[in-house]
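A.B. asks: Any chance you could fold what I've pasted below:
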Amino acid sequence: MNLSRSELLFNLAAILSLVASIAIWFLGFELAAIFIGLWVPSILAWMNFAAIKENRKFRGEE
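C.D. replies: Model (predicted):
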(Lines give C-alpha, C1' and ligand atoms only; values in the text may rest on other atoms or scores of the structure.)
Protein backbone atom coordinates (compact mmCIF):
# COMPACT_ATOMS: atom_id res chain seq x y z
CA MET A 1 0.00 0.00 0.00
CA ASN A 2 1.50 3.30 -1.10
CA LEU A 3 0.55 6.31 0.97
CA SER A 4 0.89 9.83 -0.33
CA ARG A 5 2.83 12.33 1.72
CA SER A 6 -0.36 13.98 2.99
CA GLU A 7 -1.88 10.62 4.00
CA LEU A 8 1.30 9.75 5.84
CA LEU A 9 1.24 13.06 7.71
CA PHE A 10 -2.44 12.68 8.62
CA ASN A 11 -1.84 9.16 9.92
CA LEU A 12 1.20 10.31 11.87
CA ALA A 13 -0.83 13.13 13.43
CA ALA A 14 -3.58 10.67 14.42
CA ILE A 15 -1.10 8.24 15.97
CA LEU A 16 0.68 11.03 17.86
CA SER A 17 -2.66 12.30 19.13
CA LEU A 18 -3.57 8.84 20.37
CA VAL A 19 -0.21 8.38 22.10
CA ALA A 20 -0.44 11.84 23.68
CA SER A 21 -3.95 11.09 24.89
CA ILE A 22 -2.87 7.85 26.54
CA ALA A 23 0.17 9.50 28.15
CA ILE A 24 -1.91 12.38 29.49
CA TRP A 25 -4.50 9.93 30.84
CA PHE A 26 -1.87 8.12 32.87
CA LEU A 27 -0.55 11.44 34.17
CA GLY A 28 -3.94 11.96 35.79
CA PHE A 29 -5.52 14.51 33.45
CA GLU A 30 -8.51 12.43 32.37
CA LEU A 31 -10.63 15.20 30.81
CA ALA A 32 -7.72 16.57 28.80
CA ALA A 33 -6.90 13.05 27.63
CA ILE A 34 -10.47 12.48 26.46
CA PHE A 35 -10.43 15.82 24.64
CA ILE A 36 -7.17 15.01 22.85
CA GLY A 37 -8.38 11.46 22.14
CA LEU A 38 -11.35 12.92 20.28
CA TRP A 39 -8.93 14.49 17.82
CA VAL A 40 -8.08 11.08 16.33
CA PRO A 41 -11.36 10.49 14.44
CA SER A 42 -11.44 14.17 13.46
CA ILE A 43 -7.96 13.97 11.94
CA LEU A 44 -8.85 10.78 10.07
CA ALA A 45 -12.07 12.38 8.80
CA TRP A 46 -10.08 15.33 7.46
CA MET A 47 -7.74 12.85 5.76
CA ASN A 48 -10.71 11.28 3.99
CA PHE A 49 -12.05 14.70 3.02
CA ALA A 50 -8.67 15.70 1.57
CA ALA A 51 -8.45 12.41 -0.36
CA ILE A 52 -11.91 12.96 -1.86
CA LYS A 53 -11.00 16.53 -2.87
CA GLU A 54 -7.73 15.33 -4.39
CA ASN A 55 -9.50 12.56 -6.28
CA ARG A 56 -12.10 14.97 -7.69
CA LYS A 57 -9.37 17.39 -8.75
CA PHE A 58 -7.45 14.53 -10.41
CA ARG A 59 -10.55 13.43 -12.34
CA GLY A 60 -11.38 17.00 -13.35
CA GLU A 61 -14.73 17.26 -11.57
CA GLU A 62 -13.96 20.61 -9.94
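
A.B. asks: Need the pLDDT of Ala51.
C.D. replies: Listed pLDDT for Ala51 reads 85.

A.B. asks: what comes up buried for the helix or strand that contains it?
C.D. replies: Per DSSP states H and E: Ala51 is located in helix 39-59. For helix 39-59, a neighbour-count test (16 or more other Cβ atoms under 10 Å) marks Trp39, Val40, Ile43, Met47 as buried. Heads up, the C-betas are built off the backbone N, CA and C, glycines and all.

A.B. asks: Kindly indicate which of those lies nearest Leu3.
C.D. replies: Proximity of the buried residues of helix 39-59 to Leu3 was ranked by Cβ to Cβ; the top entry is Met47 with 10.1 Å.

A.B. asks: For Ala14, the count of nearby residues, please.
C.D. replies: 18 (other Cβ atoms under 10 Å).

A.B. asks: Work out for me the element it sits within.
C.D. replies: Using DSSP H and E, the element containing Ala14 is helix 5-26.

A.B. asks: mean confidence for that helix?
C.D. replies: The average pLDDT within helix 5-26 is 94.

A.B. asks: so Phe10 touches Pro41, yeah?
C.D. replies: No - the criterion here is Cβ atoms under 8 Å, and Phe10 misses it with Pro41 at 11.9 Å.

A.B. asks: residue contacts, the spatially most central residue of the chain?
C.D. replies: The centre of the chain sits closest to Ile43, judged by Cα atoms, centre = their mean, with a distance of 2.7 Å. With contacts defined as Cβ atoms under 8 Å, 6 or more residues apart in numbering, the neighbours of Ile43 are Phe10, Ala13, Ala14, Ser17.

A.B. asks: Closest to Glu54 out of the residues you listed?
C.D. replies: Nearest to Glu54 among those, with distances taken as Cβ to Cβ, is Phe10, at 11.9 Å.

A.B. asks: How many neighbouring residues does that closest one have?
C.D. replies: When neighbours are counted by other Cβ under 10 Å, Phe10 comes out with 20.

A.B. asks: List the residues that contact it.
C.D. replies: Ile43, Leu44, Trp46, Met47, Ala50 are the contacts of Phe10 under Cβ under 8 Å, 6+ apart.
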